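Engineer: Sequence below, structure please.
(2 chains)
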Amino acid sequence: MARYAKSLAYIASILILILLSIPFRLVNISSNSKNGNINNFNSPYRLFCVYSGSSDYYKYLLKEGLDDAASELNAWVKFYKFNSSEVDKHCEALDKAITAKVDGIITNVPLKNEIFNYIELAYNRNIPVITIEDDLSNSKRISSIVTNSYAYGKNAGRLMILATEGEATTAIFDSNSNFSKNEIKNKGFIDAIKNYQGMNVEKYNVKEPSIIEYINLAQSIFINNPDVNSFFCPDIESTLGVVRAMVEFNKTNCIVIGSGDSQEILNYIKNGIIYASLVEDPYSIGYFSVECMIKHLNGGSISESINSDVIIVTRNNVDNVLAERKDKD
Amino acid sequence: MYLLKGRIKISMRLHIWEIVPLKKRIIMGFSIVIILIGLLSGILYYNMLKTFHKVDDAYLNFNILKNYYYKIEKVSVALNGYLNENDRSYISAFYQEYDQLLDEMNNTQLLFVNRDTAMLFKNIKHMFESYGEEAEAAINEYRKRNLSGLSSSFSRTLKIKSYMQEGIYELMINFISQSEIFQKNLYSQLIVLRTFIVLLIIISIVLNVLIAVYLNRLLIQPINILTKLANEIFHGEFEFKKIEFSLHGELKILSDTLYRIGDQIKEYVEEIRKKAEIEKQLQIKEKENYKIKALLQEAELKRLQAQINPHFLFNTLSTLHHTAFLECANETCEMVSAISKILRYNLRNSNAVSVLKDEIENIKYYFYIQEKRFGHRVKIHFEIDEDLLDTPIPSMTIQPIVENSFIHGLEKNENQGEISLKVYKEANTVIIEVRDNGVGIKEDRLNHIKKAIECDSEYSGHTSNLGINNVVKRLQAFYNTKNVFSIESVPYKETIIKLFLPYKFQYKNNETSLEFVL
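Structural biologist: Predicted coordinates for the structure are as follows:
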């Protein structure tokens, strides 16, 4: 009888534990909210990040970097993202930030003059601004988190030497003064190959940079200058334009060192049409920008210009990048 | 060692549980289950109530924000009114509304504030402050009549108003999405509740089955066994097997008591049975005594029938004796005297105890008469051991036997009849043997007589048997022994009847003899 009583007690205990676990599971279903005066809420630094760009994945990684840094450093970041063409909305978001008297603004520079003005306005309201991707060194921004364009170009030159074994005629693209970043990249590229006698550079001017413009330009190069057997594309538009033209004119034997990591570019790398692509690290940019802002707000000194990393994607690591992206999607 | 300690602990605990009375155990068990279910239901109810309140409160926040939205609109209308119509009431209304709203915003009590909502609200509040600054600038420009400055500041106020309203929308959406989360929570709680109820039902069924099995083992089975046992006891089956099953508490007391009752009843019944046996034996004895009494009464009746008027008969015989003596008829005189003595002996109480000497003397008188009657046809022999003449014997014992020999043995025999009476001793038995050479008794008749005597049959269909029966029963009662009589006969040759008396029998006036006397 004692044996039965013991077994019964065990079974009953297990069943009661199962039962008990259910309401306690319900207790755990609750939000992290609390009631009361909204102004008494433990207030972190309020930051606005306004970004305009074409790559959604870039924006995603940028936000991830911003959020991670914000949660680590007790900051709250409101992220406004727009397409490259939505400059008005970008400016309006900056205006909102200034009106809302935020603690700091992080922005990229889709249009130099407008952004310059907002930086001035923010400065007058004691709101510090950090620029990302591009620098406005003549503005009153406190710092800029940018990719080292010269190092970027130099890396591209080294990759080209590696791909062509030091024997190539490379087309590079020059543009308006607005795209000084590309000029610096080109400079780095040229410096990297200057010691190789077999390496030549053909410079082409682009008046209004767009994918279509680059397609047209690449077509004319294929027709008019058959010696050109390689391309250095300093931005995503030039990369996609050149590659699409190559595919169209069956010039896939040309070597392309591109920029960006859009899905299309990654597919071209996987298929061997693009030899390598240099990618800025948006996560690091986002993270460093918040980190620098908090450091500044806490009274620390920060550097005027901070360089972020560059990632090189080739056929060897493209699968990893694609897999990582799939996971994040 | 540790395990051993654990086991001891468990067994101790179980032992403690087992010594708790059954009633308390059942009450405790059910109480625990009820309290648990109540507690769980309470927690569930509390959670659901909380979630319902959260959903309600989320809509409450929504109303507060809606109020802000309209108040911002009112502030803007007042500013517009002042700048467009230059009405001083507008400017005071503007400042009043503005200050009131700013004050409200500074003391806003919102529910379910999280980091996002708090920051969004802070944005709105700061925008409202910026709005105030721009409005102040616009009013100043208006007062300075600087139209370009007024236009710029006024358009800024409108821009900021739209920012604030966008912010409020965003906050509203945030709260709505929060309430959606609460609703989802509520829904998931309902799913959990449903699961809980289903599990509760399943677990209740399983627990009930387990409890039923446990109670069956704890109560029903032992009760069934005890019921069966009680039935056996009720039906007088005391040879029950003591079933060994582990019981505790009341059931153990019950089973022990039942077994004890069974054993006691068994002892009582055994005692009663023994008493009944004794009573039965006593009844048999009493019955035998009654039978003897009946025989005696019958013999007495017979004797009384014969003794119609003994005094008259004695007087007559006395007269006859004197007449015969006077007439010198000596033989007649002797015969009358013999008859007179036989008659006198017979008239004695037949229940009286006599001795063998008197009994034989009486027989001698009887033979004398019969000799005179049968003449030379009958020869009588006596072989008497004189030492045995003091042996006590009920009176009128030998005469019926001898009479039988005369009636059945010699009366029908036309040859020379011989009757012998022997009294001798064998071992510790005095034997009285009556032998005749008459017609004898046929085998079936002899068996019948023997059986009648053995089976204690009162009537065997012939009056003579009554005499033998009477004699046998009296002897058995007197000597308190069965073996007192034997009869052997060879048809047309001889019949031997033997009476067996205990040697040196000490007659005591004890209960048996008293009964005999009665």
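
Engineer: separation between B:Asp358 and chain A?
Structural biologist: 86 Å (CB to the nearest CB, to the nearest Å). For the C-beta atoms, the positions are set from N, CA and C on the backbone; glycine is no exception.

Engineer: okay, now that residue: neighbour count?
Structural biologist: 14 (other CB atoms under 10 Å in any protein chain shown).

Engineer: Then B:Glu426?
Structural biologist: 10.

Engineer: what is it paired to in the beta sheet?
Structural biologist: Beta-bridge partners recorded for B:Glu426 (DSSP bridges): B:Thr429.

Engineer: What separation is there between it and B:Asp390?
Structural biologist: 18 Å (CB to CB, to the nearest Å).

Engineer: for A:Ile306, same thing?
Structural biologist: 160 Å.

Engineer: For whichever residue of the stretch 301-450 of chain B sits closest to chain A, grab the count of nearby residues.
Structural biologist: Here the residue of the stretch 301-450 of chain B nearest chain A is B:Lys450; by CB to the nearest CB that distance is 70.0 Å. Counted with other CB under 10 Å, the neighbours of B:Lys450 add up to 15.

Engineer: same deal with B:Glu133?
Structural biologist: 15.

Engineer: Am I right that it sits in a helix?
Structural biologist: Yes: according to DSSP: H, G, I helix; E, B strand; the rest coil, B:Glu133 belongs to a helix.

Engineer: Next up, the contacts around it.
Structural biologist: Taking CB atoms under 8 Å, 6 or more residues apart in numbering or on different chains, we find B:Glu133 in contact with no residue.

Engineer: Scan chain B for its longest helix.
Structural biologist: In chain B, taking DSSP state H as the definition, the longest helix is helix B:147-215.

Engineer: Chain neighbours aside, what residue packs nearest to the residue of the stretch 301-450 of chain B closest to chain A?
Structural biologist: Distances taken as CB to CB, 6 or more residues apart in numbering or on different chains place B:Ile487 nearest to B:Lys450, at 6.6 Å, with adjacent residues excluded.

Engineer: who are the neighbours in contact with residue 167?
Structural biologist: Went with chain A since none was named. A:Glu167 touches A:Gly198, A:Met199, counting by CB under 8 Å, 6+ apart.

Engineer: meant chain B actually
Structural biologist: A:Ala100, B:Leu120, B:Asn123, B:Ile124, B:Met127.

Engineer: Which of the three states applies to the third one?
Structural biologist: I take that to be B:Asn123. helix.

Engineer: Verify the stated contact: B:Glu141 with B:Ser155.
Structural biologist: No: if you go by CB atoms under 8 Å, B:Glu141 and B:Ser155 don't touch, sitting 11.6 Å apart.

Engineer: Looking only at neighbour counts, state which of these two leads.
Structural biologist: Set side by side, B:Glu141 and B:Ser155 show more neighbours around B:Glu141, with 19 against 12, by other CB under 10 Å.

Engineer: so after the longest helix of chain B, what's the next helix or strand?
Structural biologist: helix B:221-234 (DSSP states H and E).

Engineer: can you pull the buried residues of that following helix?
Structural biologist: Buried positions in helix B:221-234, judged by neighbour count with 16 or more other CB atoms under 10 Å in any protein chain shown: B:Pro222, B:Leu226, B:Leu229, B:Ile233.

Engineer: Redo the residues you listed as TSV? Include pLDDT and distance to B:Phe314.
Structural biologist: Converted to TSV, the buried residues of helix B:221-234 look like this (pLDDT from 0 to 100; distance: CB to CB, whole Å):
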residue	pLDDT	distance to B:Phe314
B:Pro222	75	89
B:Leu226	78	83
B:Leu229	78	79
B:Ile233	76	73
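
Engineer: Could you export those residues as TSV, including distance to B:Asn107?
Structural biologist: As requested, these are exported to TSV (distance: CB to CB, whole Å):
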residue	distance to B:Asn107
B:Pro222	74
B:Leu226	78
B:Leu229	83
B:Ile233	88
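
Engineer: With respect to chain A, which of the residues you listed is nearest?
Structural biologist: Among these, and counting by CB to the nearest CB, the member closest to chain A is B:Pro222, at 9.1 Å.

Engineer: A:Arg46 bridge partners, please.
Structural biologist: Counting by DSSP bridges, A:Arg46 forms beta bridges with A:Trp76.

Engineer: can you map out the helices along the stretch 201-329 of chain A?
Structural biologist: Remark: helices assigned in the stretch 201-329 of chain A by DSSP state H, counting those that start in this stretch are A:211-224, A:236-248, A:263-271, A:282-297, A:318-328.
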